[in-house]
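Colleague: Kindly generate the corresponding structure for this input.
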Amino acid sequence: MALALSACSETPTATPEKPAVATSAEDVGGMDALVAAAKDEGRLNAVALPRDWANYGGLIDGFEKKYGINVTVANPQRHSQDEIDAIKKNRGRPNAPDVIDVGDTFARAAARENLLAPYKVAAYDSIPSNQKDSQARWYNNYGGYISIGCDAKRVKTCPRTFADLLKHRYKGMVALYGNPTRSSTGFAGVYAAALANGGSFDNIQPGLDFFAKLKKRGNFNPVESTAVAVKSGQTPISIDLDHTNLGYADEFRSKGIDWRVSIPFDGSFAQYYAQAINKDAPHPAAARLWEEYLFSDKGQNLRLYGYARPVLMDAMKKDGTLNEAAAAKLPTVEGTPEFPTDAQLEKAREEVARGWAKAVSG
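Modeller: Reported below is the predicted structural model:
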């Protein structure tokens, strides 16, 4: 009788959730169960992840080797808005993106449109509160600072500030990585230009005015400063994130290109990139396992090899898991990065959507 009563009083074990509705690895039955489910799916769909961007090459290779899951990346050179468009366009199809990597401005928009699945990675609590969604629909993974890259063999004196970019010697040279209405990096470039010209998180208009002036003086180069454009010399000066420009410096050194990088002190702006899971991901277990990998110590340290700043950098410094040698290679930036609020970002995004074409037209 005692044994029977004891058995009846035990708390029943929760039935594991299907990966598609799991909001944590525990919901699936733990990490081992999540790994097994992801391996059964055998595939992860991503979009707009260039291998030379924030060491995605190393991360994809590491994930495939560790779990035996094939990662397919569609349109690697596209931008944040293209990723969101791909979710909408391919809803219900096997080739729909499982995960997206977008600027946090675009992540907020996707969350408002109910496109994202809530899921707390194991490291969720360690992510700074201003770099994640309170409902865990997105969370920043890595970031960098807007910088100015310059081909020193084509440009006699490389610019170091936004003010320098307006000098007549840079006629037709100054390019931006991506249209800021669709690209988070391009948007960050406009925000940085605003801060360098009397603007603020509440006022991005001076950034649009700066590019209008750049265009009027003949300095703005409308060619998108991709790796191909940099390598060919089409964009001898590029406003881009520091991890991208520093990656170009390493990548093209053997090709005889002397690519120099400066973080403009007059317009210091940090842009971080958010991870999110498609609510209708065709491979929901692999999507969740991918996020766990990106936020693991291994994944975060791999970011450093691409000069990207992992979002868990401070937490990893404290617990001794940060690769200090790799971290020491990051350029020094004074102060702690500050970020616009949701309201400020939305206002800025609307202003750029309305004003960008006018600023650089003609």
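
Colleague: For R154, grab phi and psi.
Modeller: phi -100, psi -20 (degrees, to the nearest 10).

Colleague: R309 too?
Modeller: Note on R309: its backbone torsions stand at phi -90, psi 110 [degrees, to the nearest 10].

Colleague: Average pLDDT for the longest strand along the chain, rounded please.
Modeller: If each strand of the chain is counted by residues according to DSSP state E, the longest one is strand 139-151. If you average the pLDDT over strand 139-151, you get 97.

Colleague: what's downstream of that strand, the next helix or strand?
Modeller: helix 162-165 (DSSP states H and E).

Colleague: Counting by contacts, list what that following helix packs against.
Modeller: helix 184-196 (3 or more Cβ pairs under 8 Å, 6 or more residues apart in numbering; DSSP states H and E). C-beta coordinates here come from the backbone N, C-alpha and C atoms, glycine included.

Colleague: ok now the helix it packs on, how far from the chain's centre?
Modeller: Offset of helix 184-196 from its chain centre (Cα atoms, centre = their mean, to the nearest Å): 15 Å.

Colleague: orientation of the helix or strand that that helix is followed by relative to helix 184-196 in degrees?
Modeller: Under the assignment DSSP H and E, the closest C-terminal helix or strand after helix 184-196 is helix 205-216. Put simply, helix 205-216 runs at 100 degrees to helix 184-196, going by axes from the mean of the first three to the mean of the last three Cα atoms, to 10 degrees.

Colleague: helices or strands next to the following helix or strand past helix 205-216 in the packing?
Modeller: Sequence order places helix 227-232 as the next helix or strand after helix 205-216, per DSSP H and E. In terms of contacts (3+ Cβ pairs under 8 Å, 6+ apart), helix 227-232 is packed against helix 242-253.

Colleague: packing partners for the helix it packs on?
Modeller: strand 139-151, helix 227-232, strand 259-262.

Colleague: Quick one: mean pLDDT over that helix.
Modeller: 95.

Colleague: In PDB, could you pull the C-alpha coordinates for that helix?
Modeller: The C-alpha trace of helix 242-253 is given here as PDB (Å, rounded to 0.1, in the frame of the first residue of the first chain):
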ATOM      1  CA  ASP A 242      34.300  47.300 -39.100                       C
ATOM      2  CA  HIS A 243      34.200  43.500 -39.200                       C
ATOM      3  CA  THR A 244      33.500  43.500 -42.900                       C
ATOM      4  CA  ASN A 245      36.200  46.100 -43.800                       C
ATOM      5  CA  LEU A 246      38.800  44.300 -41.600                       C
ATOM      6  CA  GLY A 247      37.900  41.000 -43.300                       C
ATOM      7  CA  TYR A 248      38.500  42.600 -46.700                       C
ATOM      8  CA  ALA A 249      41.900  43.800 -45.500                       C
ATOM      9  CA  ASP A 250      42.900  40.200 -44.600                       C
ATOM     10  CA  GLU A 251      41.300  38.700 -47.700                       C
ATOM     11  CA  PHE A 252      42.700  41.000 -50.300                       C
ATOM     12  CA  ARG A 253      46.200  41.500 -48.900                       C
END
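
Colleague: from the chain's centre, how far out does that helix sit?
Modeller: Centroid separation between helix 242-253 and its chain, computed with Cα atoms, centre = their mean, is 17 Å.

Colleague: among the helices and strands packed on helix 242-253, which is the most enclosed?
Modeller: The highest mean neighbour count among these, using mean count of other Cβ atoms under 10 Å, belongs to strand 139-151: a mean of 25.

Colleague: packing partners for it?
Modeller: Counting by 3+ Cβ pairs under 8 Å, 6+ apart, strand 139-151 packs on helix 184-196, strand 237-241, helix 242-253, strand 259-262, strand 270-278, helix 297-304, strand 309-310.

Colleague: Spatially central residue for this structure, please.
Modeller: Residue closest to the average C-alpha location in the chain (Cα atoms, centre = their mean): Y273, at 2.7 Å.

Colleague: Does that residue touch I100 like I think?
Modeller: No: counting by Cβ atoms under 8 Å, Y273 stays clear of I100, with 9.9 Å between them.

Colleague: And N301, how close does it get to R108?
Modeller: 28 Å (Cβ to Cβ, to the nearest Å).

Colleague: Poorly predicted segments of this structure, please.
Modeller: Of all residues in the chain, those with pLDDT under 70 make up the ranges 1-15, 362.

Colleague: Repeat the analysis, applying 90 as the threshold.
Modeller: 1-17, 52, 77, 104-105, 331-339, 341-342, 361-362 (pLDDT under 90).

Colleague: Can you pull the domain assignment for it?
Modeller: Domain assignment of the chain by automatic domain parsing yields the ranges 23-142+272-327, 144-270+339-360.

Colleague: tell me how far the ends of the shortest one are from each other?
Modeller: This points to domain 144-270+339-360. 25 Å (Cα to Cα, to the nearest Å).

Colleague: N219 reaches Y170, doesn't it?
Modeller: Yes: counting by Cβ under 8 Å, Y170 is a contact partner of N219 at 4.9 Å.

Colleague: so how far is the lengthiest helix in the chain from its chain's centroid?
Modeller: The helix that spans the most residues within the chain, counting by DSSP state H, is helix 342-360. Centroid separation for helix 342-360 versus its chain: 19 Å, with Cα atoms, centre = their mean.
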